[in-house]
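K.L.:
Got a sequence here, can you model it:
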Amino acid sequence: VERKVVRVVTPGTLTDSDLLPEKAERPLLAVCTVPNRKQVTTGLAWLSLASGALKLMEFTADSKTAALRLVQELERIAPAEVLRADANGADMFEETSIGHNQRVPEWHFEVVHGHKALLDQLGVSTLSGFGADGLGAAFGAAGALLRYAQSTQGRGLQHVKSLAVEIGRAHV
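P.N.:
Residues are numbered from 1 along each chain as shown. Reported below is the predicted structural model:
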């Protein structure tokens, strides 16, 4: 009998309804930050593997305001697991104990690859219909999120076929 790892279960990839809290999502979330002169653009992508709900948001602010906003958004979303790039300074994450922090290689957050990964996952040629035009860091977060979710599940994410972009939260 061949033995191999079929699936890796982490706090953010738990899908067993018996182990999940009732009526509460425990999403897997990825954070991508892109510095721009005096400001930083922070992109968030989160996925509930149980329901297949994928969401994106992005905001731009000075580094102090962005760190505070990140803490607020993490408290609101309440992820079970947070993916962040190895190179991200711990300073943005020290103020919160929300979710299990998982470091992944920085190249997983490449914006162009993330955009392509979203197009492939959703089976579309453009993200305009989802209201995702003009995003950057959020695409990087989505790319890392999808890569991590697919690698832990040991299979594709066929049930993830929709995307919600939080509108009206773009800039601080």
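K.L.:
So Ala144 is in contact with Val104, correct?
P.N.:
Yes: Ala144 is within contact range of Val104, at 5.9 Å (criterion: Cβ atoms under 8 Å). C-beta here means a position set from N, CA and C on the backbone, and glycine is covered the same way.
K.L.:
Those two: who's more crowded?
P.N.:
Looking at Ala144 and Val104 with other Cβ atoms under 10 Å, you find the greater number of neighbours at Ala144, namely 28 against 17.
K.L.:
need the helix or strand of the chain with the lowest average pLDDT.
P.N.:
Counting by mean pLDDT, DSSP states H and E, the chain has its least confident helix or strand at helix 91-94, which shows a mean of 51.
K.L.:
C-terminal to that one, what's the next element?
P.N.:
Following helix 91-94 in sequence order, the next helix or strand is strand 100-104 (DSSP states H and E).
K.L.:
Which strands border that next one, and is each parallel or antiparallel?
P.N.:
If you go by DSSP bridges, strand 100-104 pairs up with strand 81-85 (parallel).
K.L.:
before we move on, the earlier item: overlap in contacts, Ala144 and Val104.
P.N.:
Common contacts of Ala144 and Val104 (Cβ atoms under 8 Å, 6 or more residues apart in numbering): 83, 85.
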